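J.: For reference, the sequence and a predicted model appear below.
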Amino acid sequence: MKERVAFRQVVLRRGEDRYWVAECPSLPGCISQGRTKAEAIANIGEAIRGYIKALQEDGLPFPKEGSL
């Protein structure tokens, strides 16, 4: 079975500690970070997949892209 891919907008910014902070605005509280932009993007991808999986396991709907 092929894994379903969902695309989400991600916002990157430099944190106070010089790490890159990645946030997914359409998934409240879904935030990650990394030493490099690439690491932050990889980490937020993992966080998004985990967030959506947890909602599905709990039988909860997840916000569509662009909704808050």
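T.: That came through, no problem.
J.: Would you mind measuring from the residue nearest the centre of the chain to E16?
T.: The structure's the chain has its C-alpha centroid closest to I48; by CA atoms, centre = their mean the separation is 3.5 Å. Per CB to CB, to the nearest Å, I48 is found 24 Å from E16. In short, each C-beta sits where N, CA and C put it, glycine included.
J.: hang on, the earlier thing: the residue nearest to the centre of the chain and T36, how far apart?
T.: Look at I48 and T36: by CB to CB, they are 18 Å apart.
J.: Number of residues surrounding C24?
T.: C24: 21 surrounding residues under other CB atoms under 10 Å.
J.: so who does it touch?
T.: R8, Q9, V10, V11, C30, I31, I44, A47, I48, Y51 (CB atoms under 8 Å, 6 or more residues apart in numbering).
J.: Which stretches in the protein count as helices?
T.: If DSSP state H is used as the criterion, the helices of the chain fall at 37-57.
J.: Right, I'll call it a day here.
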